[in-house]
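Q: Any chance you can model this:
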Amino acid sequence: MKLEERLDLLKQKVQNDDFLCARGLGNEIPFWIFDYPPEKELLVRETIDKITLNLGKMSVNVLVIDLFEMCLELLNNKLGNDTIFEFENKKGSDELLKKLKIMLKPEIIKKAIQVKMELSGDVQLMFLTGVGKAWSLVRSHSILNNLQPVLGNVPLVTFYPGKYDNYELSLFGKFKDGNYYRAFPLIND
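A: Numbering: from 1, shown residues only. Sure thing, here's the model as predicted:
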């Protein structure tokens, strides 16, 4: 099935009351993965914006979190750009990356998402984007593994530039992102 067809089905699915209320999952968590070819990133972003706008008109409160942008925000709040640049100049890029990964542990990301949810009011649906951009800093499977207590029964759709085969995430179809067994593919090929 072409990506455009899958995106049309995505639009329909996320507007469905059963989906928004997480009905019919048999006590499973309402986590979904929408995988797509990485070269179609701009089309997917544009579609997410349209879906969010349409759901807003239907009074559905959608929280869109760009994982990469959130990581940058957390780092900037903690250190500031000047400190980051100084550290990289003194210690090098590899050491900087190690330090940043330590600062972006899944528990810290989880707390930041929780704060964003609280500030957004009654969130009915969450979209997690920016997974590919954030890959060098955080792994999506580790974030997903920590989000269930925060989201409860709020459906989460992770937009994933790569492949998800119900067991394993493969970013860009090249890098194994780790096993994740609890999400469902949102729209199959």
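Q: show me where pLDDT drops low in the protein?
A: For the chain, applying pLDDT under 70 flags the ranges 24-27, 167, 170-181, 189.
Q: Let's check: the centremost residue of it is which one?
A: Leu128 (2.5 Å; Cα atoms, centre = their mean).
Q: Let's verify that residue: helix, strand, or coil?
A: Classification of Leu128 by DSSP: H, G, I helix; E, B strand; the rest coil places it in strand.
Q: residue boundaries of the helices in the chain?
A: Ranges of helices within the chain are 3-14, 17-20, 41-57, 67-78, 81-91, 93-103, 106-119, 131-134, 140-151, based on DSSP state H.
Q: List the neighbours of the fourth one that are in contact with it.
A: The set of residues that contact helix 67-78 without belonging to it, under Cβ atoms under 8 Å, 6 or more residues apart in numbering, is 84, 100, 103-104, 108-109, 112-113, 116, 128-131, 133-134, 137-138, 140, 143. C-betas here are computed from N, CA, C, even on glycine.
Q: List only those of those flagged as buried.
A: The neighbour-count criterion (16 or more other Cβ atoms under 10 Å) marks 84, 100, 104, 108-109, 112-113, 116, 128-131, 133-134, 137-138, 140, 143 among those as buried.
Q: hmm, back to that, of all the helices of the chain, which one is nearest Phe31?
A: Within the helices of the chain, the stretch nearest Phe31 is helix 140-151; the backing value is 6.2 Å (Cβ to Cβ).
Q: quick one: contacts of that closest one?
A: Outside helix 140-151, the residues that reach it (Cβ under 8 Å, 6+ apart) are 29-31, 67, 106-107, 109-110, 113-114, 117, 126, 128, 131, 134, 156, 158, 160, 169, 171, 177-180, 182-183.
Q: picking up where we left off before, just give me the neighbour total for the nearest residue to the residue nearest to the centre of the chain once chain neighbours are set aside.
A: Leaving aside its chain neighbours, Leu128 sits nearest to Thr158 (4.5 Å; criterion: Cβ to Cβ, 6 or more residues apart in numbering). In terms of burial, Thr158 registers 26 neighbours under the definition other Cβ atoms under 10 Å.
Q: and the helices of the chain, which is most packed in?
A: helix 131-134 (a mean of 20; mean count of other Cβ atoms under 10 Å).
Q: Good, we can wrap up now.
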